[in-house]
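A.B. asks: this one's sequence-less:
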């Protein structure tokens, strides 16, 4: 069983906090022990496969480190101080574990096949923006729709709002319809014959069911839009589940890591479920 780590001193390699008086405290995360053991198991097997020698943190402590990073959104410096390692070491440990988790995220074709096997009456396709720490001159990352900088992720959700698949990251300026085309999402859904509900951002698609556009629509079209919105409403739960992990509230790291982080979180959510 992986045991949490309690430390009382700062590692000598953590220069940011050298010479400062620090307070340490206990904190909690809404995650189960089985999730920690799962991450620790992945790390332990990876270390054995590469013949890794002794490390300052054992697999359980490294697993706790990455869970704290993803769930709480703590900085590398703060986590390094709390776990008694250097900031660079904390970054390496987290990057290693995130890569191991992301590699186990469902691939698009398998996710669509599983959704079909589950007998879902329909699935919900939506795009979400992960905010990033960028300045105004970084135009490729600026989303005119959301009026902020970020990375575009495409998400497939079940009718109950459970996350089925999440894409890699594209700059926030990329339109949802183009992002879907890049990943080939609707092609896979059409091949599987899965009814797909989407918002107006996917207008022009031959497969996705989207709301009627325009003003002064006849009453039947208004009623159809209301019914469409009711069915899609639960799909927003999938995006909310992703963003409940604080690391995605605003990325301070390389924006291209957004997709890998989201995939790692999806794997952890599947374990919790």
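C.D. replies: Yes, it's here. Computed from a predicted model, the values in this text were never measured in an experiment. Numbering: from 1, shown residues only.
A.B. asks: Show me where this structure has its helices.
C.D. replies: 33-50, 59-72, 76-83, 87-102, 108-117, 176-183, 185-192, 219-233, 236-243, 258-272 (DSSP state H).
A.B. asks: Now the terminal residues of stretch 69-86, how far apart.
C.D. replies: Using CA to CA, to the nearest Å, the span of stretch 69-86 from its first residue to its last is 15 Å.
A.B. asks: List the buried residues in that stretch.
C.D. replies: Going by neighbour count (16 or more other CB atoms under 10 Å), the buried part of stretch 69-86 is 69-71, 74, 76-86. (Each C-beta comes from the backbone N, C-alpha and C, glycine too.)
A.B. asks: Return the member of the helices of the chain having the minimum mean pLDDT.
C.D. replies: Of all those, helix 236-243 carries the lowest average pLDDT, namely a mean of 88.
A.B. asks: next one: it to chain centre, how far?
C.D. replies: Relative to the mean C-alpha coordinate of its chain, helix 236-243 is positioned 9 Å out (CA atoms, centre = their mean, to the nearest Å).
A.B. asks: just use 47 as the starting number from now, easier for me
C.D. replies: Renumbered: residue one is now 47, and that last one reads helix 282-289.
A.B. asks: Which elements pack onto it?
C.D. replies: Taking 3 or more CB pairs under 8 Å, 6 or more residues apart in numbering; DSSP states H and E as contact, the helices and strands that helix 282-289 lies on are strand 169-177, strand 194-203, strand 209-212, helix 304-318.
A.B. asks: Any chance of CSV for those, columns mean neighbour count and distance to residue 276?
C.D. replies: Formatted as CSV, the helices and strands packed on helix 282-289 follow (neighbours: other CB atoms under 10 Å; distance: least, CB to CB, whole Å):
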stretch, mean neighbour count, distance to residue 276
strand 169-177, 23, 12
strand 194-203, 24, 15
strand 209-212, 24, 20
helix 304-318, 22, 25
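A.B. asks: Could you say which one of the ones you listed comes nearest to residue 228?
C.D. replies: Comparing the helices and strands packed on helix 282-289 by their distance to residue 228 (CB to CB), the top pick is strand 194-203, with 8.6 Å.
A.B. asks: circling back: columns distance to residue 155 on top of the helices and strands packed on helix 282-289, output as TSV?
C.D. replies: TSV is the format used below for the helices and strands packed on helix 282-289 (distance: least, CB to CB, whole Å):
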stretch	distance to residue 155
strand 169-177	14
strand 194-203	12
strand 209-212	10
helix 304-318	15
